[in-house]
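Novice: Here is my input, please return the structure:
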Amino acid sequence: MLIKKDASLLLIIDVQERLAPAMDNPREVINGCADLIGVAKRLEIPFIITEQYPKGLGRTMVDLRKEAGDDACYYEKLEFSCACNSGIYDEIKKCGKKQIILAGIETHICILQTALHLQELGYEVFVVANACSSRKPTQNIMALQRLMRNGVDVVTSEMVFFEWLEKAGSDVFKEISRRYIV
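Specialist: Model (predicted):
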């Protein structure tokens with residue numbers, strides 16, 4: 001199935017100051033998540049940003065906070081699955097979208113558990129492989145394989161962007177292409 005702009009909600013999970021630097025290839029994840037937020041904002045796609053125990057792991061990385069803007073909301077959690085946090089899950093339901101695009105860290109913990117829970121709850125779930133990571137590459141690879149075996153679509157940020165855009169030639173396409181598509 002294709003990702004549809006009007007059916008999408010972007011969920012950025014736990015890309016935080018004391019957690020992100022410990023990931024395998026942290027800059028790719030940080031940049032990928034910031035780009036996803038930027039494109040979602042430009043296309044008026046709702047997004048949610050979560051923080052796992054921010055008192056200990058710090059705030060969301062500054063790159064993402066800048067891209068999200070001053071009016072962005074950050075949802076604190078202790079649960080690994082965002083679907084198990086009532087505040088976050090209520091916000092997901094309130095958005096009324098059936099497709100959930102996931103990115104962030106760690107792939108084998110919070111991304112995996114959130115994806116599988118949301119899928120069980122009837123959502124179409126897409127995990128953005130180049131905007132996710134774990135501390136060890138093996139953990140990341142195994143999580144992506146497990147997600148695929150369980151019917152979760154694993155995609156790239158460019159797949160998401162082009163599916164959201166649907167066609168070339170518009171001013172929005174040109175703007176997003178110049179800024180976010182390499």
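
Novice: what's near enough to touch residue 172?
Specialist: Contact partners of residue 172, counting by CB atoms under 8 Å, 6 or more residues apart in numbering, are 42-43, 165. Quick note: C-beta positions are derived from backbone N, CA and C, even for glycine.

Novice: Any chance of these in a markdown table with secondary structure as columns?
Specialist: What follows is these, written out as a markdown table (DSSP: H, G, I helix; E, B strand; the rest coil):
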| residue | secondary structure |
| --- | --- |
| 42 | helix |
| 43 | coil |
| 165 | helix |
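
Novice: Who wins on neighbours among these?
Specialist: Sorting the contacts of residue 172 by how many neighbours each has (other CB atoms under 10 Å) puts residue 165 first, at 18 neighbours.

Novice: isn't that residue right next to residue 174, touching?
Specialist: No. Judged on CB atoms under 8 Å, residue 165 makes no contact with residue 174 at a distance of 10.4 Å.

Novice: from the contacts of residue 172, which is closest to residue 91?
Specialist: residue 43 (19.1 Å; CB to CB).

Novice: and the closest one, what does it touch?
Specialist: Here residue 43 is in contact with 5, 164-165, 172, 176 (criterion: CB under 8 Å, 6+ apart).

Novice: Could you dump the residues you listed into TSV and include secondary structure?
Specialist: Supplementary listing: the contacts of residue 43 in TSV, determined by three-state DSSP:
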residue	secondary structure
5	helix
164	helix
165	helix
172	helix
176	helix
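
Novice: would TSV of the residues you listed with distance to residue 19 and pLDDT be doable?
Specialist: As requested, the contacts of residue 43 are exported to TSV (distance: CB to CB, whole Å; pLDDT from 0 to 100):
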residue	distance to residue 19	pLDDT
5	30	97
164	27	98
165	31	97
172	33	94
176	28	95
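
Novice: which one of the residues you listed is nearest residue 89?
Specialist: Using CB to CB as the measure, the one of the contacts of residue 43 that approaches residue 89 most closely is residue 5, at 22.6 Å.
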